[in-house]
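>>> the following block contains a protein sequence and its predicted model.
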Amino acid sequence: MITPLRWEEGRVVLLDQTRLPQEEVWLRLSGWREVAEAIRTMRVRGAPAIGIAAAYGLALAVWNPSPGKDPRAAFEEAAEGLSRTRPTAVNLFWAIRRMEGAFRRLARSDPEELRRGVLAEAVRIHEEDIAANRRIGEHGAALLPERARVLTVCNTGGLATGGYGTALGVVRRAWEQGKLREVYACETRPLLQGARLTAWELLTERIPFRLIVDGAAGWLMARDGVDAVLVGADRIARNGDVVNKIGTYTLACLAHRHGIPFYSAAPTSTIDLAVATGAEIPIEERAEEEVVAPRGVTFAPRGARAWNPAFDVTPAELVTAIITERGVLRPPYHDTIPQALA
Ligand code: MRU
């Protein structure tokens, strides 16, 4: 199973996803600031994975504090710094809140107990995510027809999570069950998570797939080439609106037009009951450079401007079902989501 990060002897060991697939470089990070940098620059990315990285980052703040710094002050500074890395995926804030709860409960412990306790909470967050993904895989695979052809976007696999994957976990499970014919992976401009990361994972697992340019999705659906669209999520609102990688909304509109089911697979840690609709969710806008000069190669003429939203909002009415570890949620989501989380 591909897992993008782990704790090892007081360090966070993290696979640098900006270097994939050309190179497999594992970084050994010793401070929370390095973890924050890795999240901001997307060396680690994907909603569940950045939550887990932040949890380990907070453990680092306790394990390797700046000399003379009070542990509480060090922890709070790290929580604040990590929460300012990326704004959209709620798993980041969810994991930080869980770590803050653990820290509070351990406040009266001796230093050794505190170190062990915060690390144990980070490891629990990591392990629970893997277990959730496996259940998502099981629930999701049951929704697919025999010999399914699945269309996906971005990377939702082991790399984007604690391991195994959400939408790609469903693909993995369906493949194990002999139900999957082929995956179509959108290359996912501008950072090419589909072409670089999903392709790398599917090749590693020997799951049959073909890459398509993002603009080919509609024509593929029109030619009756897709049985289900399966995507992940960075944050799901109380009403079932799904925020995910830019281009997801386009896929949902196309799926609706062609009568193809559109599924979002995500752990319940991705659901944010505090936001009523997708309109309240902050959408990260990234540097224009990523569009005009992807990976340092300039395509656009000098002076060309770009707009680079990293995510979009798919309205709940276009979402056939949300696949979570607690089961498959169907509309009306304003009823089924709070019930599932109760
Ligand atoms: O910008 P990224 O690569 O962090 O975006 C990732 C996505 O949009 C994924 O679809 C989402 O986080 C779900 S990952 C299981």
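That came through fine. Numbering: from 1, shown residues only.
>>> so residue 66 makes contact with residue 74?
Yes. With the criterion set as Cβ atoms under 8 Å, residue 66 and residue 74 qualify as a contacting pair; they are 6.5 Å apart. The way it works is simple: take the backbone N, C-alpha and C, and place the C-beta from them, glycine included.
>>> how far is the longest helix anywhere in the chain from where the chain is centred?
Among the segments of the chain that qualify as a helix by DSSP state H, the longest is helix 111-141. Going by Cα atoms, centre = their mean, to the nearest Å, the spacing between the C-alpha centre of helix 111-141 and its chain's C-alpha centre is 15 Å.
>>> likewise stretch 296-308?
With Cα atoms, centre = their mean as the basis, the distance from the averaged C-alpha position of stretch 296-308 to the chain average is 27 Å.
>>> pLDDT value on the nearest residue to residue 233 once chain neighbours are set aside, please?
Sequence neighbours aside, residue 266 is the residue nearest to residue 233 in space, at 4.0 Å (criterion: Cβ to Cβ, 6 or more residues apart in numbering). You'll see residue 266 listed with a pLDDT of 98.
>>> coming back round to it: of residue 66 and residue 74, which one has the most company?
residue 74 (18 against 10; other Cβ atoms under 10 Å).
>>> surely the more buried one meets residue 62?
Yes. At 7.1 Å, residue 74 counts as touching residue 62 under the criterion of Cβ under 8 Å.
>>> name the element residue 50 belongs to?
Taking DSSP states H and E as the definition, residue 50 sits inside helix 47-63.
>>> outline the domain layout of the protein.
The chain breaks down into these structural domains: 5-134, 137-341 (assignment by automatic domain parsing).
>>> got these as TSV, with distance to the ligand columns?
Formatted as TSV, those follow (distance: least, Cβ to the nearest ligand atom, whole Å):
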stretch	distance to the ligand
domain 5-134	3
domain 137-341	3
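>>> tell me which residues in stretch 233-253 are buried?
Across stretch 233-253, burial judged by 16 or more other Cβ atoms under 10 Å covers 233-252.
>>> next step: those restricted to helices.
Assigned to helices by DSSP H, the following of the buried residues of stretch 233-253 qualify: 248, 249, 250, 251, 252.
>>> rewinding a little: report the angle between the longest helix of the chain and helix 47-63.
With axes from the mean of the first three to the mean of the last three Cα atoms, to 10 degrees as the basis, helix 111-141 and helix 47-63 are set at 170 degrees to each other.
>>> pull out the buried positions in helix 111-141.
114-115, 117-119, 121-123, 125-126, 128-130, 132-137, 139-141.
>>> after it comes which helix or strand?
Using DSSP H and E, the helix or strand that follows helix 111-141 in sequence is strand 148-152.
>>> distance from the chain centre to that next one, please.
Using Cα atoms, centre = their mean, the distance from the centre of strand 148-152 to the centre of the chain it belongs to is 19 Å.
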